[in-house]
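Asks: Here is a sequence with its predicted model. Questions after.
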Amino acid sequence: MKFSRTLFTGLALMVGVSAFAQKKAEKFDKLQIDMFPKAKEGYKQVYVQLPVAKNEEDLKVEIFVGVEKMLDCNNYFLSGQMKSQDLQGWGYNYYEVESNGDTAGTNMGCLNGKLTKKFVTMSPEIVRYNSKLPLIFYVPKDIEVRYRVLRADKAMKKAIQK
């Protein structure tokens, strides 16, 4: 009796986990990136697949292109630029990042001389949220792409008129 109850509990748990995993997988549309060009030498292709969300028109994606480095207390930025390119014949776009990995920063005197790991980025880009299309990036091999989702307030606020 005890064995059958344990077996039943185990099966119920497996079915629940499987259903949860299936539900989680349904939040993403099937990813299609075969039509995008291959990365050129010294570059890699990275992508972001956004989950299906309610009211996607109220969301934006902030893109950070950067590199982690051990740096002092100064504020740093990564030199380079990100250009949007049109995928000819498809109406989609992708992003090409040009950077040699050089960083520049302020020139404050850091008294303790302590170095900390920082993610140094180019100026972030904000793009529209669209779970139906992946965000495709071509970046130098030592560069990383990170992102965060920005959400609008539910209520609109009225501007003050003088």
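Replies: In hand now; what should we look at?
Asks: low pLDDT regions in this structure?
Replies: Counting by pLDDT under 70, the chain shows low-confidence ranges at 1-30.
Asks: all helices of it, in order?
Replies: 2-25 (DSSP state H).
Asks: And the strands in it?
Replies: With DSSP state E as the criterion, the chain has strands at 43-48, 59-71, 76-78, 81-87, 92-98, 103-105, 116-121, 125-128, 135-140, 144-151.
Asks: want to try CSV for those strands, with distance to residue 158 and mean neighbour count as columns?
Replies: Every C-beta, even on glycine, is put in place using the N, C-alpha and C of the backbone. What follows is the strands of the chain, written out as CSV (distance: least, C-beta to C-beta, whole Å; neighbours: other C-beta atoms under 10 Å):
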stretch, distance to residue 158, mean neighbour count
strand 43-48, 35, 15
strand 59-71, 22, 17
strand 76-78, 36, 18
strand 81-87, 33, 13
strand 92-98, 35, 17
strand 103-105, 40, 14
strand 116-121, 34, 15
strand 125-128, 24, 12
strand 135-140, 33, 21
strand 144-151, 20, 14
